[in-house]
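In: sequence plus predicted model, see below.
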Amino acid sequence: MFLYQLLSLFYVASEKEEDSKYDLSLYKRGDLLEVPRTLFTHFGIYLGDNRVAHLIPDILPVLSKDTSAIAKVVTNNRLLLGAIAKVASVRVDSVEDFAYGSVILVNHMDKVCSQPPLDGDEVARRAQKFLGSVTYSLLWYNCEHYVMYCRYGMAISYQTYQFCRAVRKIVCSRTSASLTALCGVGVTLCAGCLTPLTLVPTLLVSFTIWMAA
């Protein structure tokens, strides 16, 4: 009996330690939470009671109808494949599942956005309004567009802006122009032939247009 009680206390202590990985007292309803994830930063809106609403790509709903499996934390593989397939939804997860082990920044965008944030309850109301499947675009409607609209009333993405600036610099550089010209000459010389010189640029341009659409 004593051993059972001791094990029970150990289990409860372990559970509390696991639950306390993120201090929920640091977050208020309507806060914008931000975490680094894979190749980009992921965003969500804190609803209170250990709940975060966030827009996240996920391939699993296309492959399975198992709601219990879909409700589990979205892994990086599910996320990346969902982004490519443009399948996403606004869902509610716990803070721990949302963060996926990363450090959480709170309202960091307040320093960047010129628009003052809305009232916390209004932010949370907007965030919950869009729960369910949404049209996803890596450049034109991603998780950052979603939270920026909810908190500031502006559906913008600084990540997209910075990405487009970087691409513009690369495309407009002299080196890139020279390489493009050389590729053009190569394609002209190899017209009608399926070679890496013609296949790679074709696939790359097609993939870029698909993700930007």
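Out: Looks like it came in fine. Numbers count the residues shown, from 1 in each chain.

In: please tell me how far Q128 sits from E122.
Out: In this view, Q128 and E122 are 11 Å apart by C-beta to C-beta, to the nearest Å. C-beta coordinates here come from the backbone N, C-alpha and C atoms, glycine included.

In: just C113 next, same as before
Out: Taking C-beta to C-beta, one finds C113 at 16 Å from E122.

In: all strands of this protein, in order?
Out: 32-37, 40-48, 51-57, 87-93, 105-106, 132-135 (DSSP state E).

In: these: which one's closest to I70?
Out: strand 87-93 (8.8 Å; C-beta to C-beta).

In: number of residues surrounding F130?
Out: Residues near F130, counting by other C-beta atoms under 10 Å, number 15.

In: surely R37 and G101 touch.
Out: No - taking C-beta atoms under 8 Å as the definition, R37 is not a contact partner of G101, at 9.3 Å.

In: between these two, which one's more packed in?
Out: Each of R37 and G101 has its neighbours counted (other C-beta under 10 Å); R37 has more, 19 against 9.

In: give the contact list for that one.
Out: Taking C-beta atoms under 8 Å, 6 or more residues apart in numbering as the criterion, R37 is in contact with N76, L79, Y100, S102.

In: narrow these to just the buried residues.
Out: Among the contacts of R37, those classed as buried by neighbour count (16 or more other C-beta atoms under 10 Å) are L79, Y100.

In: let me have the contacts of R37 in TSV, extended by distance to P117 and pLDDT.
Out: Below are these laid out as TSV (distance: C-beta to C-beta, whole Å; pLDDT from 0 to 100):
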residue	distance to P117	pLDDT
N76	29	92
L79	27	93
Y100	25	93
S102	22	94
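
In: how is this structure partitioned into domains?
Out: 18-161, 173-212 (automatic domain parsing).

In: now, which of the contacts of R37 sits nearest I156?
Out: Closest approach between the contacts of R37 and I156, by C-beta to C-beta: L79, at 21.6 Å.

In: any idea how far the closest one lies from L60?
Out: Note on L79: its distance to L60, by C-beta to C-beta, is 10 Å.
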